[in-house]
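[1] I'll drop the sequence and a predicted model, then ask my questions.
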Amino acid sequence: MTKIAAVWVWVKKVFSLTLILNALITLIAIAGILYGFYHAWPWWKPYSPYLISGQLYLVAAAAAVINIFPSASIGRALHTGRLWFHHYAYGFFVLVISSFYMIAFVSVSLVTLVFISTSSVAINTGRLFGLIGVTLVLDDLPDVSTRIESGLNKLKRQVYRARKGVYIAQLATGIVTFYICAAMGMWGIVHSNVNVALVLTMGTFLITSLTSFACVKRKDWLRITPPPTD
C-alpha cells in the first residue's frame, strides 16, 4: 500500500468515526431538548412557531440511530490494522479517563450529564470525551466479545428482513431532521439569538440529515447482506 493510499484509508476511517460521533452528539442534544420539553419546562414550545411540535425531535433521534450502522460500516470495511490493541480498548480507556475527569472536576449526576443542556465548559468537555470513547467502542463493538457479535448478527438478520422499511425510514427521518434544523435557524434569525450553542446544535442536525440523504442515495440499507448463522 502506498503512503497516499494509506493516508486516504485513515482519512476515511476518521470520517467514519466523525459521523458516528456526530450521531451521538445529536442524541445528547435531543436528550437535553426533550428533557426540557417533557420535564423541566412542560409549557415550553421549542422554536415555535417554526417548529410545529417538539415531539419531532424523537424522529431526529431515530435518524441519528439509523445512521450509526452505515457510518460504522464505512470504517469497518477498511483495513487499518491496530496499534497494540483493538479500537474498543482505547474507547474504554477514554471512557475511564473522562469518568475520572467528571468526578474530579465536575461531580455531576448521570441525569445532569446526559439530559441537561448547559454551557459549562467542564461538563461539555467531559461529555465530549465520553462520547469519543463510546464512538470507539461502537466502531469495534463486534470484536468486544463473541456473545456481543452473535447478538449483533441476530439483530442484523432481523433488520435485513425489514431493510426496505429502514431505507424508507432513513429518508423520512432525514427530511424531518433537516426541517428541524431549518426551523431552529429561522427562530434564531427572527429572535436575533443566533449564538454559538444554537449554531453547533444546528450543525449536528444538518450533518445528521445530510448523512441520512447520502446513505439513502448510496442505498446502504438495501445493500446489506445477512450474516452467516451461528
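    Yes, it's here.
[2] least trustworthy helix or strand in the chain by mean pLDDT?
    Within the chain, confidence by mean pLDDT, DSSP states H and E is lowest for helix 110-115 among all helices and strands, at a mean of 71.
[3] can you give me the helices in this protein?
    Assigned by DSSP state H, the helices in the chain fall at 3-35, 56-76, 87-105, 110-115, 121-139, 146-161, 163-190, 196-218.
[4] most neighbours per residue, which of those?
    Using mean count of other C-beta atoms under 10 Å, the stretch among the helices of the chain with the largest mean neighbour count is helix 56-76, at a mean of 21. C-beta: built from backbone N, CA, C; applies to glycine.
[5] Off-centre distance for that one?
    Put simply, helix 56-76 sits 6 Å off its chain's centre (C-alpha atoms, centre = their mean, to the nearest Å).
[6] In terms of secondary structure, what does it contact?
    Helices and strands touching helix 56-76, as assessed by 3 or more C-beta pairs under 8 Å, 6 or more residues apart in numbering; DSSP states H and E, comprise helix 3-35, helix 121-139, helix 163-190, helix 196-218.
[7] Could you rerun that using 10 Å?
    Judged by 3 or more C-beta pairs under 10 Å, 6 or more residues apart in numbering; DSSP states H and E, helix 56-76 is in contact with helix 3-35, helix 121-139, helix 146-161, helix 163-190, helix 196-218.
[8] Can you check what angle separates the second one from helix 196-218?
    Think helix 121-139. Angle, helix 121-139 to helix 196-218, by axes from the mean of the first three to the mean of the last three C-alpha atoms, to 10 degrees: 10 degrees.
[9] and helix 121-139 with helix 87-105, angle?
    Calculated by the same axes, to 10 degrees, helix 121-139 forms an angle of 160 degrees with helix 87-105.
[10] chain center to helix 121-139: distance?
    Computed by C-alpha atoms, centre = their mean, the separation of helix 121-139 from the middle of its chain amounts to 11 Å.
[11] Minimum distance to Y50: which of the helices of the chain has it?
    helix 163-190 (4.0 Å; C-beta to C-beta).
[12] how far does the closest one sit from the chain's center?
    In this view, helix 163-190 has its centroid 15 Å away from the chain centroid, taken as C-alpha atoms, centre = their mean.
[13] S209 and A23 touch, don't they?
    No: S209 lies out of contact with A23 (C-beta atoms under 10 Å); the separation is 11.4 Å.
[14] shared neighbours of the two, anything?
    Residues touching both S209 and A23 (C-beta atoms under 10 Å, 6 or more residues apart in numbering) are 63-64, 67.
[15] Apart from its chain neighbours, what residue comes closest to V94?
    Leaving aside its chain neighbours, V94 sits nearest to G133 (3.5 Å; criterion: C-beta to C-beta, 6 or more residues apart in numbering).
[16] OK, contacts around that neighbour?
    Contacts of G133 (C-beta under 10 Å, 6+ apart): 88, 90-99.
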